[in-house]
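>>> no letters, just coordinates:
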């Protein structure tokens, strides 16, 4: 290696000033920020609050009998088909889900929060808990109390779900035998 190779070469500036643009960010022309990938008919919850638009919650959430520490994808028909439905009417991009003990999770979907999005957000918090660690492990439904907070739903849970219908055994066998 020669002495000429070892000499430091001056650094060339590679930024907006080299490209002929102003190096001062205040002088640069403002570019329009791209609008989020929003879908027509899906609202921001804060806009609905300003307009005073009331939310309706999908009634299907009360009939799921879903354990909050089990994956929502483990649900069977007819409950599984309810997962695709919007959680609220009108649909919103995000909504906070508040548990009575203080935990709050947020369900988000730019195309409108579905029941599955809400269950996924809840499941993410509780998936590592065992059944006996949870006082009320079954989702009972959601409640919207506009006096308390317009932007969040209260999550209600219960001890046990409704009994699952027993599958019919073959003729000559009792369904109770295990």
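Cool, the structure landed. Model, not experiment: these values are computed from the prediction.

>>> where in this structure is pLDDT low?
Across the chain, the ranges flagged by pLDDT under 70 are 1-38, 161-178.

>>> the helices in it, which residues?
Here the chain has its helices, by DSSP state H, at 3-6, 45-51, 79-82, 115-126.

>>> do a quick rundown of the strands in this structure.
All strands of the chain, identified by DSSP state E, fall at 56-57, 88-89, 94-98, 104-108, 138-144, 152-158.

>>> pull out the buried positions in the third one.
The neighbour-count criterion (16 or more other CB atoms under 10 Å) identifies 94-95, 97-98 as the buried residues of strand 94-98. Any C-beta I mention is one placed from the backbone N, CA and C, and that applies to glycine too.

>>> that strand pairs with which strands?
Partners of strand 94-98 in the sheet, by DSSP bridges, are strand 104-108 (antiparallel), strand 152-158 (parallel).

>>> cool, and the second one?
On the basis of DSSP bridges, the sheet neighbours of strand 88-89 come out as strand 56-57 (antiparallel).

>>> got a list of contacts for the strand it pairs with?
With CB atoms under 8 Å, 6 or more residues apart in numbering as the test, strand 56-57 has contacts from 87-89, 141-144, 153.

>>> would you mind checking the residues you listed for buried ones?
Here, 16+ other CB under 10 Å leaves 87-88, 141-142, 144, 153 buried among the contacts of strand 56-57.

>>> looking at these, which is nearest residue 70?
residue 141 (17.0 Å; CB to CB).

>>> make a markdown table from the contacts of strand 56-57 and add distance to residue 123 to it.
Formatted as a markdown table, the contacts of strand 56-57 follow (distance: CB to CB, whole Å):
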| residue | distance to residue 123 |
| --- | --- |
| 87 | 14 |
| 88 | 19 |
| 89 | 23 |
| 141 | 16 |
| 142 | 15 |
| 143 | 19 |
| 144 | 21 |
| 153 | 16 |
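
>>> what is the nearest of those residues to residue 80?
residue 87 (15.6 Å).

>>> the closest one against residue 61, yeah?
Yes. Under the criterion of CB atoms under 8 Å, residue 87 makes contact with residue 61 at 7.3 Å.

>>> need the residues touching each of these two.
Common neighbours of residue 87 and residue 61 (CB under 8 Å, 6+ apart) are 115, 118, 142.

>>> so what's the closest residue to residue 79 other than its chain neighbours up against?
If the residues on either side of it in the chain are set aside, residue 79 comes closest to residue 64, at 5.1 Å by CB to CB, 6 or more residues apart in numbering. The neighbours of residue 64, taking CB under 8 Å, 6+ apart as the test, are 75, 79, 82, 115, 119, 139.
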